[in-house]
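1. Pasted the sequence and its predicted model underneath.
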Amino acid sequence: MRVKKQVERKYNVCNTGLTQSQVQTVSRVEKHNPLKSGVIAQKRAALKGESSGRMTEIKELTFDTVREDAIQYGLATDVTYQINAGKEASIFLAHWRGHHIILKAYRLWQSSHKMSKKKGYVAQGTSKRTHFILGMMEDLAVKEYDYLMNCFRAGVPVPTPIGRVGNYLTMRFIGDGTQPAPQLKDVHLENPEKVLDQILDDYLLMYSKAHYVHGDLSKYNILWWQERPWLIDVPQAVIVNKWSDMLKVEKLLIRDIKNVLAHFETYDIYRDPNHILEVFLTEYIPENLKNYRELASEGIELL
Ligand SMILES: Nc1ncnc2c1ncn2[C@@H]1O[C@H](COP(=O)(O)OP(=O)(O)OP(=O)(O)O)[C@@H](O)[C@H]1O
Ligand SMILES: [Mg+2]
């Protein structure tokens, strides 16, 4: 009984207006349990804008919030305008002391929950759900920053990463003046054969030196600037190392290669994707996985 009193005092649950039996069933832990059906229904309602979603008000990032955050976090001195709103992130043209930079804001959802006011810095004891969502957004920004940095160091033409705070990331602006470089799909190439070779060389560098499979390489994620291709949008890239599932790596590689080749077919250029895959695999396979194909055909699980 004494222990129960202490617990009640610690969590201050006595003055909630609930009866003693209700207090016992509605503990703090349960209140924030994301699997509790009532809570999920309330979140859904909140997303639809219904007032019954009383747990956490969930809203999208606004331009003003992004600008305020970027300046406060020291990522930019100003944010000019939004360039693009992708699946998981919004892209903004920003300034760093007179230089144009790109600000990418991951925004699965943005919560205005009292405890998550400092977005990206989740105080201990916040709702698990809010914490989880913010964590996911932050993970994507961390990944993109690291992957861009590793590619840049390996000499791959990617936008140089500049800074990262919470779910925000800044990088070099690829383009002229305030005009972002066009995507490969929007340019007419004078010498497509040469450009295709360049893209494959750049991708080979990414794979063999930085050890990543891009995972979403296509005419959309290649920009054309200063007479050369630039590879962008890397957060879904997959690291290729001694723990990799090489069969999965193969699948992703061939998908990327086929996506690129498909674009060049519009220029009547046809290449064999399997041959290109072999060139990549000849260049790099993690040491302990060299004979992964033989092991896979014998049904031995690859580690
Ligand atoms: N560093 C950069 N310099 C100039 N423009 C950029 C840069 N990064 C992104 N962009 C512009 O923003 C667009 C979207 O960028 P990115 O593909 O990285 O974002 P995304 O959120 O994955 O978008 P999507 O879901 O549409 O692929 C690009 O196609 C390009 O027009
Ligand atoms: Mg993209």
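-> The structure has been received and is ready for your questions. Ligands and ions are numbered 1, 2, ... in the order given.

2. Mind listing the residues bridging to I222?
-> With DSSP bridges applied, I222 shows beta-bridge pairing to L231.

3. right, and it touches I232 too?
-> Yes - if you go by CB atoms under 8 Å, I222 and I232 touch, sitting 7.3 Å apart. To be clear about C-beta, it is placed using only N, CA and C from the backbone, and glycine gets the same treatment.

4. Which one's more surrounded, these two?
-> I222 (26 against 23; other CB atoms under 10 Å).

5. Could you pull up the residues touching the more buried one?
-> When the contact criterion is CB atoms under 8 Å, 6 or more residues apart in numbering, the partners of I222 are Q183, L184, I199, P229, W230, L231, I232, V260.

6. Quick check, W96 in contact with A76.
-> Yes - between W96 and A76 there is a contact under CB under 8 Å: 5.8 Å.

7. what's the overlap in contacts for those two?
-> Common neighbours of W96 and A76 (CB under 8 Å, 6+ apart) are T170.

8. Point me to the helix or strand that includes the closest residue to K104 other than its chain neighbours.
-> Distances taken as CB to CB, 6 or more residues apart in numbering put L169 closest to K104, at 4.6 Å, once the chain neighbours are dropped. Using DSSP states H and E, L169 maps to strand 168-172.

9. do the same with V195
-> With DSSP H and E as criterion, V195 is part of helix 192-208.

10. Pull the distance from that helix to the chain's centre.
-> 23 Å (CA atoms, centre = their mean, to the nearest Å).

11. Just give me the neighbour total for H95.
-> H95: 16 neighbours (other CB under 10 Å).

12. How much space separates the residue in the stretch 201-303 of the chain that ligand 2 sits nearest to from V279?
-> Residue of the stretch 201-303 of the chain nearest ligand 2, by CB to the ion: D233 (3.7 Å). Here the criterion is CB to CB, to the nearest Å. By it, D233 lies 24 Å from V279.

13. Please identify which of these two sits among more neighbours.
-> Using other CB under 10 Å, the more surrounded residue of D233 and V279 is D233, with 23 against 12.

14. Count residues in the vicinity of the spatially closest residue to that one that is not a sequence neighbour, would you?
-> With CB to CB, 6+ apart as the criterion, D233 has its nearest non-adjacent residue at 4.3 Å, and that residue is N221. Using other CB under 10 Å, N221 is surrounded by 20 other residues.
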